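In: got a predicted model here, sequence first, then my questions.
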Amino acid sequence: MSSFPVDRLVFGPDDIDLSRSPLAGHFDAETYVLGAFNPALTRLPNGNLAIFVRVAEALRNPIVEGKIHAIRWHEGRYVLDPWPLELVDTGDPRKFLIRGGRWKVMALTSLSWILPVELTPDGLEIVEVHYDKAIAPQGSFQCYGVEDARVSKVGDRWLMTTCSVSPERHSTTLYSSQNGLDFTFEDVVLDHQNKDMLIFEGLVDGKYWAQTRPLGDLYFTYPPGSEWRGGPSINLATSPDALHWKPHREPGIRPHAATIATARMGGGTPPILTDAGWLTLWHGVEPKEIVGIYRTYWSILDRDDPARVLRTEHMPLLEAAPELTRPLEEKMYVRDVVFTTGIADAGDHYVVASGEADLACRITHIPKSRFA
């Protein structure tokens, strides 16, 4: 059971009308919502909250006549690509691997787009689903989808980062807004496999800062006895304008050698400034089977030098909550996953948004005293 009294699912697959999807009417095959999850979160000028939900829309019957199909954006349309089953590995329900290469090459069993959903100020009730403001692929660099939005308010402007998926690159893309709901595409800002980009909600010494998480198949080890574990970590970057980013020389948050629970990590919520420093929530992944166990942790970073980690707790802040997804049991395809993606100030507590089981959107009210 959750340790927080207010902790519930607020939006899921059954809340989506696919007749209003960007994919509707583009091909004859039936689709369904594989997941409505990993919501960015921000406070709107009217006081309501908005989440930006990743909708993973999948083919109901992807295998037809000995071929598995993937959805792809192509020159303003959505098309289906057939792959002979003997050429692919379908062990992970979220994707399939192309056999025979010297490195991993994959395609997805769904295509993701971002759906803005307006909530009440406490984040617990739906006010309006803004299908007209959906963010969907618009170029070949995101032909396999737009995933995992994060939204930061810096000054009087909202900035959204997303992961754009294509054979060209697995990049981070930037959108901006003047009202927190209507977003305009800016550009590709980080190159291949540098994702989970979280822009700090405020400038440091006149510069934009961001957490990033480059991925790869090779990492170098720390020396024996080091407190750090080699592998994916949360890095930092700075920018004069939020478009042109330079990697920061010093490392950010690194996995500790003393625990396997955070052997892999990545950013969760955009860092927000508190009296103690920058509060950042992030995910740690403990290896298990194909997907792993995702949990949420937190750290406080120095307000003037965010590369300095002032405090980190090794006990998870949030873990997967099977009691929340029990009513959706027939839709479950992964377990042990909570993926925190948004935070908003609500006085004596924070409203925290997460994706639960790659399936639905979870809202948790966490007292500020928890981080004291």
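Out: All right, it came through fine. Numbers count the residues shown, from 1 in each chain.
In: between the two ends of stretch 175-184, what distance do you get?
Out: 5 Å (CA to CA, to the nearest Å).
In: quick one: average pLDDT of that stretch?
Out: Stretch 175-184 shows a mean pLDDT of 98.
In: what comes up buried for it?
Out: Residues of stretch 175-184 classed as buried: Y175, S176, S177, G180, L181, F183 (neighbour count, 16 or more other CB atoms under 10 Å). For every residue, glycine as well, the C-beta is placed using N, CA and C.
In: was I right to think the third one contacts D156?
Out: No. With contact defined as CB atoms under 8 Å, S177 and D156 do not form a contacting pair (10.5 Å).
In: give me the neighbour count for the nearest residue to P247 once chain neighbours are set aside.
Out: In this structure, P247 finds its nearest non-sequential neighbour in A237, 5.3 Å apart by CB to CB, 6 or more residues apart in numbering. Neighbour count of A237, defined by other CB atoms under 10 Å: 21.
In: list the buried residues for the one helix or strand A237 maps to?
Out: Counting by DSSP states H and E, the element that carries A237 is strand 235-239. Of the residues in strand 235-239, N235, L236, A237, T238 count as buried by neighbour count, 16+ other CB under 10 Å.
In: make CSV from those and add pLDDT to it.
Out: Shown next, in CSV, are the buried residues of strand 235-239 (pLDDT from 0 to 100):
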residue, pLDDT
N235, 97
L236, 98
A237, 98
T238, 98
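In: in a markdown table, list these along with distance to Q138.
Out: Output for the buried residues of strand 235-239, formatted as a markdown table (distance: CB to CB, whole Å):
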| residue | distance to Q138 |
| --- | --- |
| N235 | 28 |
| L236 | 29 |
| A237 | 25 |
| T238 | 28 |
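In: of those, closest to P13?
Out: Closest approach to P13 among the buried residues of strand 235-239 (CB to CB): N235, at 33.5 Å.
In: show me what contacts the closest one?
Out: By CB atoms under 8 Å, 6 or more residues apart in numbering, N235 lies in contact with Q211, T212, R213, P214, P247, H248, P251, G252.
In: now do 7 Å
Out: Residues in contact with N235 (CB atoms under 7 Å, 6 or more residues apart in numbering) are T212, R213, P214, P247, P251, G252.
In: turn the residues you listed into JSON lines, including neighbour count, distance to H283 and secondary structure.
Out: JSON lines is the format used below for the contacts of N235 (neighbours: other CB atoms under 10 Å; distance: CB to CB, whole Å; DSSP: H, G, I helix; E, B strand; the rest coil):
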{"residue": "T212", "neighbour count": "24", "distance to H283": "14", "secondary structure": "strand"}
{"residue": "R213", "neighbour count": "24", "distance to H283": "10", "secondary structure": "strand"}
{"residue": "P214", "neighbour count": "16", "distance to H283": "16", "secondary structure": "strand"}
{"residue": "P247", "neighbour count": "12", "distance to H283": "21", "secondary structure": "strand"}
{"residue": "P251", "neighbour count": "13", "distance to H283": "18", "secondary structure": "coil"}
{"residue": "G252", "neighbour count": "23", "distance to H283": "14", "secondary structure": "coil"}
